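Trainee: would you be able to build a 3D model of this:
(chains A, B, C and D)
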2 protein chains.
Amino acid sequence: MPGTKPHDLLIFLTNRVGRQLSRLMLEQMEFEGFLPQSTHMGLVADLVGNDGLRQQDLAISTIKDKGTVARALKQLESAGLLMRQIDADDRRQKLIRLTDKGNRLWQFAQSKATETMVTATHDIEQTEFDTCIDVLKRVYQNLHQQLSIPQTSSHE
Amino acid sequence: MPGTKPHDLLIFLTNRVGRQLSRLMLEQMEFEGFLPQSTHMGLVADLVGNDGLRQQDLAISTIKDKGTVARALKQLESAGLLMRQIDADDRRQKLIRLTDKGNRLWQFAQSKATETMVTATHDIEQTEFDTCIDVLKRVYQNLHQQLSIPQTSSHE
DNA sequence: GCAAACTAGTTGCGTTTGCAACGAATAACC
DNA sequence: GGTTATTCGTTGCAAACGCAACTAGTTTGC
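Mentor: Sure thing, here's the model as predicted:
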């Protein structure tokens, strides 16, 4: 990627590394008859240890359209990986909770991820890697607020 | 994203930050009547200062299917942003070169990217950011070899 | 020189995705 | 209390993507 200024690299590097990791990991990810996709795993990652999230929350954190989230959750539910329960306090929203099988999928994914990550980071020191993760987390947080706002409905 | 081990974060962080940056930047990217998409900009980024790449090369570096690349390049060509010229030495392959308009698109994109990147990195020190870029570059390189190999045709 | 194997790019097809329109439930306003 | 505005989730639709089959051009082996 020559000809780019440093700050331009981030958008291409994140997109490409993300796709690389997704492709390499997902091809090993068949779990009890279910073939998860990138979208599925992103949702599961947020749901681990976080019972009771709403679909809207997941759409915002994963930066996916709420329709996309709805469909992916439906598939995960059909596969028995999570449950969607209508909130009694506000019957519009559904509260989402991983099942035991969903949690096992997450454990399985973590074990499978190790090998790929060893290859990916074999020449990278731990402190450098940690800095990278930390920077990405902060970028994510900084942009998160930008992206959440657009609910300023255009009413004409 | 709680409940994750450090090395698991990379796949989700890269995918999410990549999508965040793509969405924020692309919505400002209309250029002389052309509305570029993430795939278009990824290709242009590789073509800047690199005349004569083949479609196959671009498919590998951007980690996209060659059909996807073919279609995106066709659109960029129609918009007058690049030219595809059949290689006289090997008439199967097409050599790709940005036009002046294509180079102007890149300049335009860089100018538009600045504001978003300032927001994204306002609380991040330059050295940290550089380390992050460097780590991502190395991860990209390490995985690149993994992904390029699959041409070991299964012949049975 | 010719047939088989291979490679670069294109195209058809099914899946995934984002956008927009919709229905149901709640909140806000008078 | 009833009307209007918002919000959450679903669904229709069109665009984009990956896979696989295909065409055309090149290389290999005899």
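
Trainee: what is the burial count for the closest residue to A:Lys94 other than its chain neighbours?
Mentor: Distances taken as Cβ to Cβ, 6 or more residues apart in numbering or on different chains place A:Arg84 nearest to A:Lys94, at 4.4 Å, with adjacent residues excluded. Bear in mind the C-beta positions are built from the backbone N, C-alpha and C, glycine included. Residues near A:Arg84, counting by other Cβ atoms under 10 Å in any protein chain shown, number 16.

Trainee: can you check the one 4 residues further on too?
Mentor: A:Ala88 is flanked by 7 other residues according to other Cβ under 10 Å.

Trainee: so what's the most centrally placed residue in chain A up against?
Mentor: With distances taken as Cα atoms, centre = their mean, A:Gly42 lies nearest the centre of chain A, 2.2 Å away. By Cβ atoms under 8 Å, 6 or more residues apart in numbering or on different chains, A:Gly42 lies in contact with A:62, A:64, B:12, B:15-16.

Trainee: which residues of chain A fall in strands?
Mentor: A:82-86, A:94-98 (DSSP state E).

Trainee: could you redo those as JSON lines and give each row mean pLDDT?
Mentor: Listed next are those as JSON lines, based on pLDDT from 0 to 100:
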{"stretch": "strand A:82-86", "mean pLDDT": "95"}
{"stretch": "strand A:94-98", "mean pLDDT": "96"}
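
Trainee: kindly compare burial across those strands and name the winner.
Mentor: strand A:94-98 (a mean of 19; mean count of other Cβ atoms under 10 Å in any protein chain shown).

Trainee: now do that strand against strand A:82-86, angle only.
Mentor: Using axes from the mean of the first three to the mean of the last three Cα atoms, to 10 degrees, the inter-axis angle of strand A:94-98 relative to strand A:82-86 is 160 degrees.

Trainee: do any residues in strand A:94-98 lie close to DNA strand C?
Mentor: No. Using Cβ under 7 Å from any atom of the strand, we find that strand A:94-98 stays clear of DNA strand C, coming within 11.1 Å at best.

Trainee: which neighbouring elements make contact with that strand?
Mentor: If contacts are counted by 3 or more Cβ pairs under 8 Å, 6 or more residues apart in numbering or on different chains; DSSP states H and E, strand A:94-98 sits against helix A:38-47, helix A:55-62, strand A:82-86.

Trainee: rewinding a little: show me what contacts the residue nearest to A:Lys94?
Mentor: A:55, A:73, A:77, A:94-96.

Trainee: roughly how far apart are it and A:Ala45?
Mentor: 17 Å (Cβ to Cβ, to the nearest Å).
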